[in-house]
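Chemist: After the sequence you'll find the predicted model.
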Amino acid sequence: MQGNYITNFLKSEDIIWEDIIENDNRIELHIKMKQKPHICPRCGATTSKIHDYRVQRIKDVPLFGKPTVIVLKKRRYVCKHCGKRFYEHLDYLPRYHRMTNRLSIYILQQLKKQQSMKEISEVTGVSITTVMRLLDTVGVEPDYKILPEVISIDEFKGNSGGRKYHCIIVDPKGGKILDILKDRKQEDLSEYFKRFKDRKKVKWVIIDMWKPFLLTVKTYFKGAKIAIDKFHFTRYVYWAIENVRKRVQKELARDKRRYFKRSRKLLLAKYDTLTPEQK
């Protein structure tokens, strides 16, 4: 796992490396993410305007047997349309968390290998209390008889066992992680969910627009209603508009193409914020 993680992390085109500091106790990876347009979580408009920065320390998978910390220079964006301020989205870090998804998986894998909590704490830099809390949150032996009325199926980057994406099953109402799967493929999801006997009790399933998720839900939760995650839906709409804009731009004459190139923000702006000339 660590070899795959290091290779993928170092090769990531989204990361700007600022420094790597190693001492006797830990390794610090000083980074920031490459700037890109972000979607406002309040109004759905896009923005590239930075309001300010903050430095966030994030515990990650141990490297070379030492606790590892990502020191991230994190941007806070401001939406020019509604004024909402929000931090940039990170695939590897759940909201309000101080350790990566990769580290959570690593700890669970070590627990399943019967490694002691003290040993895990020493090599990761995570407190024994946090290890215990993670163990309580994710049962090593999940109950394959009962599922809550509402479940959420999502993916996240993990690079565990050579796999780029993992799958997390969550009880959003109870605020509990039900399980973490090594892959997001339909066959893996099918193998997991078919073990639950009383799937009819599930009323809602929250997913993104990943096709294997949709096919799995339609197969195993035929009576449940499907809710598409707002963030993913907005992102797909943004991509669709961008693809159309680029296609139209290529068909224009050069002088008009240059003018149209600056239209991206205008096309994504809320209609009631446009001036008469822009409309």
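Modeler: Received, thanks.
Chemist: Show me what Ile20 is bridged to.
Modeler: In this entry, Ile20 is beta-bridged to Leu29, by DSSP bridges.
Chemist: wait, doesn't it sit right on Ile27?
Modeler: Yes. Using Cβ atoms under 8 Å, Ile20 is in contact with Ile27, at 7.1 Å. All C-beta atoms are positioned from the backbone trio N, CA, C, and that covers glycine.
Chemist: So between those two, which is more surrounded?
Modeler: Ile27 (19 against 11; other Cβ atoms under 10 Å).
Chemist: ok, for the more buried one, nearest residue in space, not its chain neighbours?
Modeler: Distances taken as Cβ to Cβ, 6 or more residues apart in numbering place Thr68 nearest to Ile27, at 4.7 Å, with adjacent residues excluded.
Chemist: check which helix or strand covers that neighbour.
Modeler: strand 66-78 (DSSP states H and E).
Chemist: and that strand, which strands flank it?
Modeler: By DSSP bridges, strand 66-78 pairs with strand 27-33 (parallel), strand 50-63 (antiparallel), strand 85-87 (antiparallel).
Chemist: Looking at these, which is nearest to Phe193?
Modeler: strand 50-63 (28.4 Å; Cβ to Cβ).
Chemist: For Asp255, see how far away the most centrally placed residue in the chain is.
Modeler: Nearest residue to the geometric centre of the chain (Cα atoms, centre = their mean): Asp91, 3.2 Å. Asp91 sits 39 Å away from Asp255, going by Cβ to Cβ, to the nearest Å.
Chemist: still on that earlier bit, burial-wise, tell me which of the strands paired with strand 66-78 comes out on top.
Modeler: strand 27-33 (a mean of 18; mean count of other Cβ atoms under 10 Å).
Chemist: Next, the contact list for the closest residue to Lys270 other than its chain neighbours, please.
Modeler: Excluding its sequence neighbours, the residue lying closest to Lys270 (Cβ to Cβ, 6+ apart) is His81, at 5.2 Å. By Cβ atoms under 8 Å, 6 or more residues apart in numbering, His81 lies in contact with Cys40, Cys43, Ala45, Thr47, Ala269, Lys270, Thr273.
Chemist: For His81, pull up the helix or strand it's in.
Modeler: According to DSSP H and E, His81 maps onto no helix or strand at all.
Chemist: For it, grab phi and psi.
Modeler: Note on His81: backbone dihedrals following degrees, to the nearest 10 are phi -100, psi -40.
Chemist: what residues are up against Thr219?
Modeler: Thr219 sits next to Ser190 when contact means Cβ under 8 Å, 6+ apart.
Chemist: Surely it is in a helix?
Modeler: Yes. Per DSSP: H, G, I helix; E, B strand; the rest coil, Thr219 lies within a helix segment.
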